[in-house]
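Make a model of this:
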Amino acid sequence: MLSADTLVILDRDGVINHDSDNYIKSLDEWVPYPTSITAIARLTHAGYTVAVATNQSGIARGYYDEATLHTMHEHLVRLVTSESGHIAHIAYCPHGPDDNCRCRKPLPGMLLNIQQHLGLASLTGSWMVGDSLRDLQAGEAVGCKTVLVRTGKGVKTEQKALVLKKPRSSMI
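Numbering: from 1, shown residues only. The predicted structure follows:
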């Protein structure tokens, strides 16, 4: 039986696959990190349910369409399945930053979509894994434990967080 504490929600770009400031616009550009597919399968084997929550504003910007996004996600699912893993649900936000939607991270709409899709009463105690502050903020908004990875934008995010946490007297 699925419980919130066995749910791991992953951001996509920068966590599962290489990210690009120019957007991942095609299956050819979608390149998974060398160990990410195996890691998802290992989570599955360990009894975790894995879901994905990904901002995809490239759709709103006209860089690619939803059919292309679905092709990338189908490929991801095939790769994970080939290692006996499973992705329970992929939620995505196709909106741009100025569209005032409720799903774009740092808002928790996609995570709530995952919660509803999986039939969970709450996401408290689930895990949200991301490479940006907005990923962590979305997770925190619904009670997830959050993990910042150092892939993708993770190192830059970590450096920004360290600068913000420094006492004023040590700042130059």
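
Every contact and neighbour count from this point should use C-alpha atoms.
Noted.

Provide the contact partners of the strand ranked longest in the chain at residue level.
Scanning the chain for the strand with the most residues, using DSSP state E, yields strand 49-55. For strand 49-55, the external contacting residues (CA atoms under 8 Å, 6 or more residues apart in numbering) are 2, 6-13, 40, 43-44, 86-95, 104-105, 110-111, 114.

Kindly recompute the last result at 6 Å.
Here strand 49-55 makes contact (CA atoms under 6 Å, 6 or more residues apart in numbering) with 7-12, 87-93, 104.

What is the neighbour count of Thr124?
Neighbour count for Thr124, taken as other CA atoms under 10 Å: 18.

Can you name the residues that contact it?
So Thr124 contacts Gly143, Cys144 (CA under 6 Å, 6+ apart).

those helices in the chain, which residues are they?
Taking DSSP state H, the helices of the chain run over residues 36-45, 66-82, 109-118, 133-141, 154-165.

so which of the ones you listed comes closest to Tyr23?
Nearest to Tyr23 among these is helix 66-82; the distance by CA to CA comes to 11.6 Å.

Can you list the buried residues in the closest one?
Under the neighbour-count criterion of 16 or more other CA atoms under 10 Å, helix 66-82 has Leu69, Met72, His73, Leu76, Val77, Arg78, Leu79, Val80 buried.

repeat for stretch 12-26
Buried residues in stretch 12-26 (16+ other CA under 10 Å): Arg12, Asp13, Gly14, Val15, Ile16, Asn17, His18, Asp19, Tyr23, Ile24, Lys25.
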